[in-house]
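# Just a sequence and a predicted model for now, questions to come.
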Amino acid sequence: MNPKSHLIESFIGLGALLIVVSALGYYILNEPVRIVQAQDEVLALQLDEAMTLYAENCAVCHGMSGEGIGATPPLNNPALVTMPFEEISKTIARGRYQTAMPAWAIEDGGPLSDYQIDELVMLIQYGDWGATGNRVVNLGLAPLIPFTTEVDPALLAEIGSLLDGATLQTAVTLFAANCVSCHGADGLGTGIAPALNDPAVREKTADEIQRVITYGNTGTLMAGWSNILAPEEITALVSLVQRWDEVPLGTIPAPDVPIPVTEESLALGSQLYAANCSRCHGPEGQGTPRAPSLNVKSFLTDTSDQAIQQIITLGVPGTAMPTWGDRMTDADIQAIVGFIRQWEPTAPEVATITRPGGGGPPWRNNNSTTPNLLPSTNPPSTISGNSAGGQTALQTLLDWRLLILPGILLSIAFTLIYSGWDSLRRLR
């Protein structure tokens with residue numbers, strides 16, 4: 001064997017070994033980073049799925065961003081971040097006895113698997129509550145029931161003149177701040193909670209009413225308020241429930257809370273409005289002869305988001321406003337409401353109605369400002385003015401362009417033909 005060849009082969013083998021060892025070393029050194037990246041990717045996927053689970057199952061009680069509603073505790077609490085994983089998982093899976101927290105595990109009659117419950121725990125301990133709130137809004141699952149309202153000052157003063165009026169005033173203020181979201185304006189009830197301003201409720205004893213307010217009502221959304229309200233405040237609410245027939249109607253009005261929006265929902269609302277609403281209400285909501293203006297200060301100031309949503313959903317009988325609730329989802333309608341509401345800061349005091357031209361192509365409309373892109377077959381107009389002269393010049397310019405283009409094409413064609421003919425002539 002040639003020693004020189006043997007030496008070359010040895011160097012090649014040594015080089016290959018060094019490459020393999022270097023690659024293995026790099027892999028070993030990079031493995032911890034790769035593991036962390038893989039864990040982050042898995043966590044991001046779990047958090048993304050958990051935000052949707054939260055929106056579908058938890059937001060109605062714990063709020064859009066985990067802030068809690070009424071007596072329902074918040075989940076964006078820093079204390080939960082350090083709580084043992086298993087303890088939070090057990091609470092979600094099994095629920096809490098004598099509270100409004102039900103069991104969510106499949107084996108306990110709930111809808112969630114163990115994996116989904118673990119994802120929710122990861123959201124509580126590692127999630128972004130701002131992004132979670134946006135997901136709830138974008139899915140159209142934000143709790144639309146408003147949480148507080150302002151008591152009518154004149155009627156509140158009138159209540160003060162009743163027997164033990166100060167206690168009733170305290171109770172009315174507490175109800176407006178904590179109870180109206182479920183039990184409705186003037187305590188007349190909503191779709192999720194019964195009326196308290198009811199003769200049947202007034203027949204209950206003070207102890208019964210106080211026990212329900214203090215400890216809640218098992219199997220319902222009524223949570224216990226002993227951790228939120230002081231004993232004397234609960235006593236005042238008991239007095240209100242028993243004497244509600246003395247409180248004037250309208251003292252506790254229906255609340256008005258704006259529908260939440262995100263960049264995604266505004267973009268969706270813009271698209272839906274342009275496709276379905278702009279034809280009648282104008283591209284900027286300025287109104288047309290067919291439908292009133294929406295982009296005007298008086299309408300946006302006097303009409304709540306809930307009222308606009310109801311108008312879109314149910315339509316307006318006897319007018320050209322159709323029912324959209326059977327054609328759009330709640331999320332779609334809320335996106336349109338949010339898009340309309342964003343006009344309010346710049347809305348004019350007086351609407352300027354848009355008067356669109358007739359149908360058909362733009363060049364067939366007499367009031368169209370679209371220039372005629374076809375050569376004119378009419379002699380130039382003798383109408384004076386810069387506008388008429390400019391339009392004539394534009395048409396003339398376009399006419400020359402349309403003539404120059406065929407001329408160039410013909411010149412190229414004749415040049416190619418001549419070149420081919422000349423080549424054949426030389427070959428002969």
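Looks like it came in fine. Residues are numbered from 1 along each chain as shown.

# you'd agree residue 281 is up against residue 289?
No: in this structure, residue 281 is not within contact of residue 289 by C-beta atoms under 8 Å, at 11.3 Å. Glycine gets a C-beta too; all of them are placed from N, C-alpha and C.

# the more surrounded of the two?
residue 281 (22 against 9; other C-beta atoms under 10 Å).

# check contacts around that one.
By C-beta atoms under 8 Å, 6 or more residues apart in numbering, the contact set of residue 281 is 287-288, 291-294.

# what ranges of the stretch 1-150 of the chain fall below the confidence cut-off?
Scanning the stretch 1-150 of the chain for pLDDT under 70 picks out 1-11, 13-14, 70-71, 98, 143-147.

# Going by distance to residue 179, which of the contacts of residue 281 wins?
Nearest to residue 179 among the contacts of residue 281, counting by C-beta to C-beta, is residue 294 at 33.7 Å.

# Just want to check the distance between that closest one and residue 324.
Per C-beta to C-beta, to the nearest Å, residue 294 is found 14 Å from residue 324.

# more crowded one of these two?
For residue 294 versus residue 324, the count of surrounding residues by other C-beta under 10 Å is larger for residue 294: 22 against 18.

# Local confidence estimate at the more buried one?
Residue 294 is assigned a pLDDT of 94 by the prediction.

# for it, helix, strand, or coil?
Classification of residue 294 using DSSP: H, G, I helix; E, B strand; the rest coil returns coil.

# list the contacts for it?
Shown in contact with residue 294 (C-beta under 8 Å, 6+ apart): 281, 285, 287, 300, 340, 343.

# ok, the third one touching residue 351?
Yes: checked against C-beta under 8 Å, the pair residue 287 and residue 351 is within contact range at 5.3 Å.

# which residues do those two both contact?
Contact criterion C-beta under 8 Å, 6+ apart; residues shared by residue 287 and residue 351: 293, 295-296.

# Now restrict the residues you listed to buried residues only.
Neighbour-count burial (16 or more other C-beta atoms under 10 Å) applied to those gives 293, 295-296.

# Distance to residue 24 added to those, as TSV?
Formatted as TSV, these follow (distance: C-beta to C-beta, whole Å):
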residue	distance to residue 24
293	73
295	67
296	72
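
# Out of those residues, which is nearest to residue 142?
Within those, the smallest distance to residue 142 is 24.2 Å, found for residue 295 (C-beta to C-beta).

# quick one: that closest one and residue 351 touch, right?
Yes: in this structure, residue 295 is within contact of residue 351 by C-beta under 8 Å, at 7.2 Å.

# anything in contact with each of these two?
Counting by C-beta under 8 Å, 6+ apart, the common neighbours of residue 295 and residue 351 are 286-287.

# Phi first, then psi, for the spatially closest residue to residue 248 that is not a sequence neighbour.
When the adjacent residues along the chain are set aside, residue 248 lies closest to residue 155, with 5.0 Å between them (C-beta to C-beta, 6 or more residues apart in numbering). Main-chain dihedrals, residue 155, degrees, to the nearest 10: phi -70, psi -30.

# All set, thanks.
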